[in-house]
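Asker: quick one: sequence and predicted model below, then my questions.
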Amino acid sequence: MIQLLFTVIFAEMALIMVLLFKTPLRKLVIMGLDRVKRGRGPIMVRTVAGTVLVVLISSVYSMMKIQKRGIDDGVVNPTDQVLMAKHLLEASLMGFILFLALMIDRLHHYIRELRLRRKGMEAIKKQNRGFEDGKTSSSAEIKSMEEEMAVLGAKLKQLESEIETKTKEAKAAETNAEALRKQSVGFLLEYDRLLEENQNLRNQLQSLDRRLSHSGSKKNT
């Protein structure tokens, strides 16, 4: 299961990297996400996220039970240590997966908002140019058009301000994605360390079993 979780994390990170850079591949990814968010797609996504959340809560509950058992017994069992490390790693990976999924959803939302704002700004600019080209010599018409141009100019400034805000948010999301990439490297190192500790604990358990069997054989003789 841990290998599957790491595979999902790397896939989500690759998807975030594709969304951060303007390439033809990003258009395909955005189209795919648009289709996922239509029809029954959101229901399926929420179902999967809910399942992952339930498993995450189950892992946390198992860790609490192991910790409570160790406190009650006063001695930590090596098997419980292995289970504790396994549940901790799984819970961390599942939480990371949910966070990356949220990042992908927000990046997709911001990219769509930026595209809509740009289209609206271009339409306003074309309309503004059409008003400038269609000026007549009538002073009343000129005054009316100037008022409309002022309104359109205010809307244009508002749209530019919103685009700037969305751009800053996208840059912040890119910074968060880089931090998440570094954090995933730390998770890989932690996973290797836990595997090594797991192997050491297994060796200790095998050694204890051999000692117990040897002492039992002595008692029988």
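Answerer: Structure's in. What do you need? Predicted model only: the values in this text are computed from it and were never measured.
Asker: from Glu162, how far off is Lys168?
Answerer: Lys168 sits 11 Å away from Glu162, going by CB to CB, to the nearest Å. In this view, the C-beta of every residue, glycine as well, is placed from N, C-alpha and C.
Asker: more neighbours: which of the two?
Answerer: Glu162 (15 against 10; other CB atoms under 10 Å).
Asker: wait, the more buried one sits on Arg117?
Answerer: Yes. Using CB atoms under 8 Å, Glu162 makes contact with Arg117 at a distance of 5.7 Å.
Asker: name the residues contacting each of those two.
Answerer: Between them, Glu162 and Arg117 share no contacting residue under CB atoms under 8 Å, 6 or more residues apart in numbering.
Asker: Leu19 and Phe187: what is the separation?
Answerer: Taking CB to CB as the measure, Leu19 falls 21 Å from Phe187.
Asker: more neighbours: the two, which one.
Answerer: Under the criterion of other CB under 10 Å, the comparison of Leu19 against Phe187 puts Leu19 first, with 24 against 16.
Asker: contacts only, for that one.
Answerer: Taking CB under 8 Å, 6+ apart as the criterion, Leu19 is in contact with Arg26, Val29, Ile30, Ile104, Leu107, His108, Ile111.
Asker: these two touch, right, the fifth one and Ala173?
Answerer: Yes. When contacts are counted by CB under 8 Å, Leu107 is listed as touching Ala173 (5.5 Å).
Asker: neighbour-wise, which of the two wins?
Answerer: Leu107 (24 against 19).
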